[in-house]
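*Asks:* Generate a structure from the sequence data that follows.
(one chain, ligands or ions: 2)
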Amino acid sequence: AAPLVVAVSTSLSAKHGLLIRNRSNFEGARNLDAVVFDKTGTLTEGEFGITNIVPNQGYEEQEVLNWAASLEQHSEHPIATGIVKSARDEGISLKEIADFESITGKGIQGSIDNKKVNVVSPGYVNENGLSYDQKQFDKMSEQGKTVVFVLLDDAIAGMIALADIVRETAKEAIATLKKNGVHSIMLTGDNMKVANWVAKQLDIDEVYAEVLPDQKSDQVKKIMKDKEWKVAMTGDGINDAPALATADLGIAIGAGTDVAMETADVVLVKSNPKDVVSLIDLSKKTYRKMV
Ligand code: ADP
Ligand code: MG
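*Replies:* Ligands and ions are numbered 1, 2, ... in the order given. Got it, this is the predicted structure:
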């Protein structure tokens, strides 16, 4: 009867918008203790819009936006897309960039008119001992806004705050997981204050923030080992791929990157976090049919 079971669960999975790439890992979903979620693009839409530009003394908002957008046009990060869109909407003409490079998990760098320009994370700014208006920064971060810093020759020219949209479906997914005794955990490269704000909106059990891309997989490994938990990882980005491979079950968001989808055991075709719940239910049903 095995082929029949496979056929039944294949059509059911298609109905729920699940693309099952690794059947045995999928079947293990019935025993999960926790689901780890990447933040940006998974729990949130991953579509940033600028909410505030805070120039340092001696700079104008438009200048800060122009440098940032000129640099970000070479990046594919969701923050970059938001900044470039704002500049285009304002009719700003972008500058030529030389020596573009990305600083993994921390931002980007390039030069404009022989000046070094960076758009970087709060972590990068802190590591380099640069000071800024902490009160203003805290206020924006505590509202769930992601703040990046625009640097000109290693001095801060201004801050740009961006807001993303938390997925309503993520909230429902987490509530159902909780009801079924499955823990939910957030893993993000973003700032702790922003992560905590999003976690509060969603009632997430645990938060790991300011995790660099190459640390995501180790963090998942640590959760599995320390708690002796069976863990699923859900993500969308290139950064998430190693963690998807490490987890007992890797789940990719359908609207995410090819790398994430190629690494995952299951792909959520409709990019709906609630399908994580459907997936667990389906694995239980499939199991009952087999025994
Ligand atoms: P996440 O885990 O939320 O997807 P990433 O690891 O991609 O986050 O990025 C972590 C942080 O690094 C971002 O929150 C941002 O502060 C900074 N960063 C990364 N790429 C860029 C970029 N292109 N422009 C500005 N900041 C960036
Ligand atoms: Mg992401």
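*Asks:* hey, let's count contacts and neighbours off CA atoms from now on
*Replies:* Fine.
*Asks:* which residues of the protein fall in strands?
*Replies:* 18-20, 34-38, 49-55, 98-103, 107-112, 115-120, 146-152, 155-163, 183-187, 206-208, 231-235, 249-253, 266-268 (DSSP state E).
*Asks:* low pLDDT regions in the chain?
*Replies:* 1-9, 290-291 (pLDDT under 70).
*Asks:* Quickly note the distance from residue 174 to residue 157.
*Replies:* Distance, residue 174 to residue 157, using Cα to Cα, to the nearest Å: 39 Å.
*Asks:* That should have said residue 128, apologies.
*Replies:* Counting by Cα to Cα, the gap from residue 128 to residue 157 is 15 Å.
*Asks:* Neighbour count for those two, which is higher?
*Replies:* Neighbour count, other Cα atoms under 10 Å: between residue 128 and residue 157, residue 157 has more, with 24 against 10.
*Asks:* can you pull the contacts of that one?
*Replies:* Listed by Cα atoms under 8 Å, 6 or more residues apart in numbering, the contact set of residue 157 reads 55-57, 59, 64, 149-151.
*Asks:* number of nearby residues for residue 239?
*Replies:* Quick note: residue 239 (other Cα under 10 Å) scores 22 neighbours.
*Asks:* ok, longest helix in this protein?
*Replies:* The longest helix of the chain (DSSP state H) is helix 275-290.
*Asks:* how about that one as CSV, C-alpha atoms only?
*Replies:* What follows is helix 275-290, C-alpha atoms only, in CSV (Å, rounded to 0.1, in the frame of the first residue of the first chain):
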residue,chain,number,x,y,z
ASP,A,275,1.5,26.2,6.1
VAL,A,276,4.1,25.2,8.7
VAL,A,277,1.1,24.0,10.7
SER,A,278,-0.5,22.3,7.7
LEU,A,279,2.8,20.5,7.1
ILE,A,280,2.9,19.2,10.7
ASP,A,281,-0.8,18.1,10.5
LEU,A,282,-0.1,16.4,7.1
SER,A,283,2.9,14.5,8.4
LYS,A,284,0.7,13.2,11.3
LYS,A,285,-2.0,12.1,8.9
THR,A,286,0.5,10.5,6.6
TYR,A,287,2.0,8.6,9.5
ARG,A,288,-1.4,7.2,10.6
LYS,A,289,-2.0,5.9,7.1
MET,A,290,1.3,4.1,7.1
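*Asks:* circling back to that earlier point, could you flag which of the contacts of residue 157 are buried?
*Replies:* 55-56, 64, 149-151 (16 or more other Cα atoms under 10 Å).
*Asks:* From these, pick the one nearest residue 180.
*Replies:* residue 149 (41.2 Å; Cα to Cα).
*Asks:* I'd like to know how far the closest one sits from residue 158.
*Replies:* From residue 149 to residue 158 the distance is 6 Å (Cα to Cα).
*Asks:* got the residues of the protein near ligand 1?
*Replies:* Taking Cα under 6 Å from any ligand atom, the part of the chain that reaches ligand 1 is made up of 39-40, 72, 75, 77, 79-80, 105-108, 119-121, 148, 188-190, 212-213.
*Asks:* at 5 Å what do you get?
*Replies:* Within the chain, the positions adjacent to ligand 1 are 40, 77, 105-107, 119-121, 188-190 by Cα under 5 Å from any ligand atom.
*Asks:* May I ask which of these has the most neighbours?
*Replies:* residue 119 (28 neighbours).
*Asks:* wait, residue 112 sits on residue 100?
*Replies:* No: contact between residue 112 and residue 100 fails when scored by Cα atoms under 8 Å: they sit 9.9 Å apart.
*Asks:* near ligand 2, which residues of this structure show up?
*Replies:* For the chain, the residues found near ligand 2 under the criterion Cα under 5 Å from the ion are 40-41, 237.
*Asks:* For ligand 1, state which of the residues you listed is nearest.
*Replies:* Set against ligand 1, the nearest of the residues of the chain next to ligand 2 by Cα to the nearest ligand atom is residue 40 (4.6 Å).
*Asks:* Surely that closest one is in contact with residue 188?
*Replies:* Yes: between residue 40 and residue 188 there is a contact under Cα under 8 Å: 7.5 Å.
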